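**Q** please work out how this folds:
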Amino acid sequence: MEVLVQPLGKRLDVAGGENLLTALQKHDIPISYSCMAGRCGTCRCRVIEGAIHEAGGDEFHNAEHATQRHVLACQSIVTGNCAIEIPEPDEVVVHPARIVKATVTALTDLTHDIRMIRLAPSKPLSFSPGQYAMLQFTPDHIRPYSMARLASDGELEFHVRMLPDGRVTRYIGDTLKIGDTVRVSGPLGTSYLRTRNDAPILCIAGGTGLAPVLSIVRGAIAADLPNPIHLYFGVRAPRDAYGLDWLRELSQRHPRLRVDIVSTLPDDDAGLRTGLVTEAVAADFSDLQGWRAYLCGAPPMVDAATLLLRSKGVQPGHIYADAFHATGT
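**A** This is a model prediction of the structure:
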């Protein structure tokens, strides 16, 4: 059987029933991977045509149009001739998926309903800026949260929106304390910083979606990237805006970083832009061809921003998003 790999234009001879990721690795095709179990989404690729059967991983396909078929290479087998497209072969990242124990070192309220958790892992956890991890506080209290800092910082930082009816966030608010042990699994996610290009960067964050965007901007500065960066931070009301000192400090370190904070509800005293964050982007740009975009926030915001950016000329493969669903369970 033959697998055509785009954009490389390579044709691979593959045995029927062979695992797709194994076949790609055997032929030295560069592709990112991590957990090898269909949880992290890192090895996602697009099926252009042909016969590939996937065992699982549907949660990583929702951000794409229904007309496109994506699979996780680690969970897929080749059942006939096919053509696939792998993402950016020059931006391969391989972080071994790990489960590490970590100790809570800080619990700080950032706003009226956002709490910062800092953890000191017992062993280093390698990840790319923008990725997330699964935090297990107890066997019954498990949720995914994005890293807000860099792997080189040593400690892990997460920003959690405290939902009034959230079972996990109630545990964090009422029970979790400094010195407790948390189980961290990761890294997960495909919305990580791409460093091997000089394209301008657009970041759109909603609420605690600011956490991975902070990691991405910090990563760009740490890598001394010259890319211009425009960061939009959307909040419901001015009191929901946080991390303003961090954003000012990052702007001072990276002169080509511009930050816009957009509040859905107006407040004359706050001095913020008013409206939807997507409206602000639409007003500021008529053409975004050549840009790369990182999105994180509620799924409706991510979906609306994705449609907007595509209409402005951003290539679909250059829009990176990990949408998170709030849950009260």
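**Q** skipping adjacent residues, who's closest to residue 219 in space?
**A** Distance criterion C-beta to C-beta, 6 or more residues apart in numbering; nearest residue to residue 219, sequence neighbours excluded, is residue 129 at 3.0 Å. C-beta here means a position set from N, CA and C on the backbone, and glycine is covered the same way.
**Q** ok, now which ones touch residue 231?
**A** The neighbourhood of residue 231, defined by C-beta atoms under 8 Å, 6 or more residues apart in numbering, consists of 203-205, 213, 217, 247, 257-260.
**Q** quick one: low-confidence ranges for the stretch 1-150 of the chain?
**A** 56-67 (pLDDT under 70).
**Q** those helices in it, which residues are they?
**A** Per DSSP state H, counting those that start in this stretch, the stretch 1-150 of the chain carries helices over the ranges 20-26.
**Q** neighbours around the residue lying closest to residue 13 once chain neighbours are set aside, how many?
**A** Distances taken as C-beta to C-beta, 6+ apart put residue 2 closest to residue 13, at 6.4 Å, once the chain neighbours are dropped. Using other C-beta atoms under 10 Å, residue 2 is surrounded by 13 other residues.
**Q** look up how far residue 74 lies from residue 2.
**A** Taking C-beta to C-beta, to the nearest Å as the measure, residue 2 falls 21 Å from residue 74.
**Q** how about residue 247?
**A** Distance, residue 247 to residue 74, using C-beta to C-beta: 37 Å.
**Q** between these two, which one's more packed in?
**A** A count of neighbours by other C-beta under 10 Å puts residue 74 above the other of residue 247 and residue 74, at 27 against 20.
**Q** so what's that one up against?
**A** 19-21, 33, 35-38, 43.
**Q** and those residues, which two are furthest apart?
**A** The most widely separated members of these are 20 and 35, with 15.3 Å between them, by C-beta to C-beta.
**Q** more neighbours, these two?
**A** Applying other C-beta under 10 Å to residue 20 and residue 35 shows that residue 20 carries more neighbours, namely 26 against 20.
**Q** helix, strand or coil for the most centrally placed residue in the chain?
**A** Note on the chain: the residue nearest the mean C-alpha position is residue 191, at 3.4 Å, using C-alpha atoms, centre = their mean. Secondary structure assignment for residue 191 (DSSP: H, G, I helix; E, B strand; the rest coil): coil.
**Q** next one: it from residue 129, what distance?
**A** Taking C-beta to C-beta, one finds residue 191 at 10 Å from residue 129.
**Q** shared neighbours of the two, which are they?
**A** Contacts common to residue 191 and residue 129, judged by C-beta under 8 Å, 6+ apart, are residue 212.
**Q** could you list the domains of the chain?
**A** Following automatic domain parsing, the chain resolves into domains at 2-91, 98-188, 201-321.
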